[in-house]
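Trainee: Quick one: sequence plus predicted model below, questions after.
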There are 4 protein chains.
Amino acid sequence: MKEKITEHSIQLFDKKGFTVTSIQDIVESIGVTKGTFYYYFSSKEELLMEIHLRYIDDLLTKQMKILDDHHKSFKEKLFSIIHLSILDIKKQGASAKVFFREMRHLSPESLDKINPKRDQYRFNIENLLNEGIASGELRESLNVPIVTFGILGITNWSYQWFNPEGSIDDKQLAEIFTDMVFKGIEV
Amino acid sequence: MKEKITEHSIQLFDKKGFTVTSIQDIVESIGVTKGTFYYYFSSKEELLMEIHLRYIDDLLTKQMKILDDHHKSFKEKLFSIIHLSILDIKKQGASAKVFFREMRHLSPESLDKINPKRDQYRFNIENLLNEGIASGELRESLNVPIVTFGILGITNWSYQWFNPEGSIDDKQLAEIFTDMVFKGIEV
Amino acid sequence: MKEKITEHSIQLFDKKGFTVTSIQDIVESIGVTKGTFYYYFSSKEELLMEIHLRYIDDLLTKQMKILDDHHKSFKEKLFSIIHLSILDIKKQGASAKVFFREMRHLSPESLDKINPKRDQYRFNIENLLNEGIASGELRESLNVPIVTFGILGITNWSYQWFNPEGSIDDKQLAEIFTDMVFKGIEV
Amino acid sequence: MKEKITEHSIQLFDKKGFTVTSIQDIVESIGVTKGTFYYYFSSKEELLMEIHLRYIDDLLTKQMKILDDHHKSFKEKLFSIIHLSILDIKKQGASAKVFFREMRHLSPESLDKINPKRDQYRFNIENLLNEGIASGELRESLNVPIVTFGILGITNWSYQWFNPEGSIDDKQLAEIFTDMVFKGIEV
DNA sequence: AATGAATGAGGTTTCATTCAT
DNA sequence: TATGAATGAAACCTCATTCAT
């Protein structure tokens, strides 16, 4: 049941937004009553926190798997990480959107738990880039933190427009973006 | 008074979010009564629309000024457009955030008016890139629409993290991003 | 202007009801502002009172003209009075409906002025019936006050259903009702 | 509780009118909170609809019982139907008044459900009159639909003035009206 | 004679939450 | 494990009215 509530909530939060979705909406979509909701969650915010935790934990796990893969070259790792974000939009679309859009409705205490994980995700990319510089594959002059934000921008922004059913699929998109990040657009 | 209401609302919507900010919050921050609000706006949504229109119209105007400037080279134009977004975060920070975050709370009718302008902004960048290709400055193989989304990702995402009071200012950031976009990160 | 406000108000009160019609609705339908309304009327209720007074005074005047007409027989007078009510629905439809439906929204003070006129209208019919009994044209056993309420019911109720544009016109309707009142429905 | 809310509402709607009576007035008269009201009714209009449905369904049932009674003669049936309306004012006074006065505040969808029942009540009387003509008890020349409106006028109008505590009771009134309808007022 | 800005009280409705069962 | 009744605070919005100009 807790699972079911969470799944349905994600869909509703994605479609209508956290504030606009009422507990009533959630339980009606499942066919139970409000009491049931409060048996499993102590507040609406706790549910939102649950959704956030699931998402970021899952994403971090996947990221770690890529980074720890000794069969992958540096380039392949960066491609995989870019691909990871985009693939997630396809597979966890609703969760991803809820994660990015509704974070502000978490309580300060919840944010204190989520933010370090979010930062960890970013730091992992920074570390990867630093390795690339050390190995001579990337320019030494790069401002790594900023460039990392740039890469995150490219990937995270795609949940705003990317339609996995469209003419370009997730792998192609990841390739175009990886190419753009590595070589830029100049001739 | 209408001006005053709009300005205060932007600040509040930025800080707390559109849904969470009540009319009461708005009028209290000014020291008038709810009636006054409804004398100037027929609904909360109309106010949101006003904010959106102001923002996008202003941004489009500035973009056009850059694109129509015959003294600027292609490279300078792209830099200026990247700089424009980032500068706007500094100058119109709250408006920018409200624009990106609260669009979903516009009515379908309002969205029908905003979306074409939003698209126009993007198409203008696509056109610029196409010119760059035509003049031989950019690689012919680029997928222009996707690359444009990439550029927009880089710039628009910065309203999530960029702190204009920080150690890096808007011009420096624009330079780093322009460099990244043109030359990539590879050595 | 006062005239214009009154006329437009009658139409709106008829269509939407007194409580539901706002001053805003009224002045908008004319193209002036609320201030104008309060220049001519001190309150919404005063306007309603004006409408009531006009209606009942006009009706009483017409009734008196019929009753004082020495060329009319008793029967003709009763027919004319029944016809008067029905004709009024056609000519003053909106006013008539407002009069019957919105009386409750008059202040007690206003009601104290309207009620005697309303009663007067009824007493005049009672008196006519009593004359008919005295002259031997009507049954002596009649309960005149109750029968008068019956006649008023027949005529006043018709503003609920009578459509002057329909297949039966006001004169025909008055004839059918007069016949019904005089002779009943028995064979 | 739903029952209780309905009963109290009828009293208040009768006394002050539907629009003027607030949800606050209703719940205060019972000693619960507004939330309770909206637990049982989804809107004020739904409550009004409930009141209308109850009234007309009850009245139609009673009317059918009279019409289907094979022990009653034609004359007795017409008397009983007239008596039914008047008795209802005594017993269901408030409901009756709310029914006639507040119908306009029903939504179009609600009206579509009420109107056929209202019409049914009238058609049943028309049918009875047609039977009276067929059996030779009523004049053949009668315009049945109009006469029916006349009878309805006589009875329905009485909720405007009839005081069941007065010197004439419901049975006497029904007798006077039946007499008037059958024999008219002429000598 | 008319406007336009502002008020403040009150309207209907929504909603997260509680709690006895 | 789940329900259903109830709360109370707050939401958006409407409106009759006032008043300086």
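Mentor: Yep, it's here.

Trainee: Helix or strand: which one has the most centrally placed residue in chain A?
Mentor: Closest to where the C-alpha atoms of chain A average out (Cα atoms, centre = their mean) is A:Ala96, at 5.1 Å. Taking DSSP states H and E as the definition, A:Ala96 sits inside helix A:93-102.

Trainee: domain parsing for chain A?
Mentor: Domain assignment for chain A, taken from automatic domain parsing, gives A:1-41, A:45-183.

Trainee: Export these as TSV, with columns for mean pLDDT and distance to B:Glu186.
Mentor: Using the backbone N, CA and C atoms, a C-beta is placed for each residue, glycine as well. What follows is the domains of chain A, written out as TSV (pLDDT from 0 to 100; distance: least, Cβ to Cβ, whole Å):
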stretch	mean pLDDT	distance to B:Glu186
domain A:1-41	92	37
domain A:45-183	92	5
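
Trainee: Which of these sits closest to chain D?
Mentor: Among the domains of chain A, domain A:1-41 comes nearest to chain D, with 11.1 Å by Cβ to the nearest Cβ.

Trainee: contacting residues around A:Leu48?
Mentor: Contacts of A:Leu48 were listed using Cβ atoms under 8 Å, 6 or more residues apart in numbering or on different chains, and they are A:Phe13, A:Phe18, A:Val98, A:Glu102, A:His105, A:Leu106, A:Ser110.

Trainee: Output the longest helix belonging to chain A.
Mentor: For chain A, the helix with the greatest residue count under DSSP state H is helix A:108-134.

Trainee: For chain A, which residue gets nearest to DNA strand F?
Mentor: Nearest residue of chain A to DNA strand F (Cβ to the nearest atom of the strand) works out as A:Gly35 at 1.9 Å.

Trainee: Tell me who's in contact with that residue.
Mentor: No contacts exist for A:Gly35 under Cβ under 8 Å, 6+ apart.

Trainee: Return the set of buried residues in the host helix or strand of it.
Mentor: Element membership of A:Gly35 [criterion: DSSP H and E] is helix A:34-40. Within helix A:34-40, the residues scored as buried using 16 or more other Cβ atoms under 10 Å in any protein chain shown are A:Thr36, A:Phe37, A:Tyr40.

Trainee: And for stretch A:44-56?
Mentor: For stretch A:44-56, by 16+ other Cβ under 10 Å, it's A:Lys44, A:Leu47, A:Leu48, A:Met49, A:Glu50, A:Ile51, A:His52, A:Tyr55, A:Ile56.

Trainee: how far out from the middle of the chain is it?
Mentor: Chain-centre distance of stretch A:44-56: 13 Å, with Cα atoms, centre = their mean, to the nearest Å.

Trainee: and if you look at stretch A:88-106?
Mentor: On Cα atoms, centre = their mean, the centre of stretch A:88-106 falls 7 Å from that of its chain.

Trainee: How about A:Glu126, nearest residue that isn't a chain neighbour?
Mentor: A:Thr148 (4.9 Å; Cβ to Cβ, 6 or more residues apart in numbering or on different chains).

Trainee: Just list what whatever helix or strand the one you found lives in packs against, helices and strands only.
Mentor: Assigned by DSSP H and E, A:Thr148 falls within helix A:144-157. Packing contacts for helix A:144-157, counted by 3 or more Cβ pairs under 8 Å, 6 or more residues apart in numbering or on different chains; DSSP states H and E, involve helix A:74-91, helix A:108-134, helix A:170-183, helix B:144-157, helix B:170-183.

Trainee: Adding distance to C:Gln172 and mean neighbour count, write the ones you listed out as CSV.
Mentor: Below are these laid out as CSV (distance: least, Cβ to Cβ, whole Å; neighbours: other Cβ atoms under 10 Å in any protein chain shown):
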stretch, distance to C:Gln172, mean neighbour count
helix A:74-91, 75, 19
helix A:108-134, 78, 15
helix A:170-183, 79, 19
helix B:144-157, 75, 22
helix B:170-183, 85, 19
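
Trainee: Quick one, which of the ones you listed gets closest to B:His8.
Mentor: Closest of the helices and strands packed on helix A:144-157 to B:His8 is helix A:108-134, at 24.2 Å (criterion: Cβ to Cβ).

Trainee: how far off helix A:93-102 does that closest one point, in degrees?
Mentor: 110 degrees (axes from the mean of the first three to the mean of the last three Cα atoms, to 10 degrees).

Trainee: Report whether helix A:108-134 contacts DNA strand E.
Mentor: No: counting by Cβ under 7 Å from any atom of the strand, DNA strand E has no neighbours in helix A:108-134; the shortest distance is 12.7 Å.

Trainee: Any chance of CSV for the helices and strands packed on helix A:144-157, columns distance to A:Ser9?
Mentor: What follows is the helices and strands packed on helix A:144-157, written out as CSV (distance: least, Cβ to Cβ, whole Å):
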stretch, distance to A:Ser9
helix A:74-91, 18
helix A:108-134, 15
helix A:170-183, 25
helix B:144-157, 26
helix B:170-183, 37
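
Trainee: Quick check: which of the ones you listed is nearest to B:Ser9?
Mentor: helix B:144-157 (21.9 Å).

Trainee: which residues are in contact with that closest one?
Mentor: In contact with helix B:144-157 (Cβ under 8 Å, 6+ apart) are residues A:149-150, A:152-158, A:161-162, A:168, A:173, A:176-177, A:180, A:185, B:82, B:85-86, B:100, B:122, B:125-126, B:129-130, B:133, B:177, B:180-181.

Trainee: swap the cut-off to 7 Å and go again
Mentor: A:149-150, A:152-154, A:156-158, A:161, A:168, A:173, A:176-177, A:180, A:185, B:82, B:85-86, B:100, B:122, B:125-126, B:129-130, B:177, B:181 (Cβ atoms under 7 Å, 6 or more residues apart in numbering or on different chains).

Trainee: Only alpha carbons, please: show it as CSV.
Mentor: What follows is helix B:144-157, C-alpha atoms only, in CSV (Å, rounded to 0.1, in the frame of the first residue of the first chain):
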residue,chain,number,x,y,z
VAL,B,144,21.3,22.6,-34.4
PRO,B,145,18.0,22.2,-32.5
ILE,B,146,19.5,19.9,-29.9
VAL,B,147,22.6,21.9,-29.5
THR,B,148,20.4,24.9,-28.9
PHE,B,149,18.7,23.1,-26.2
GLY,B,150,22.1,22.3,-24.8
ILE,B,151,23.0,25.9,-24.7
LEU,B,152,19.8,26.9,-23.1
GLY,B,153,20.3,24.2,-20.5
ILE,B,154,23.7,25.6,-19.6
THR,B,155,22.4,29.1,-19.2
ASN,B,156,18.9,28.5,-17.8
TRP,B,157,20.2,26.1,-15.3
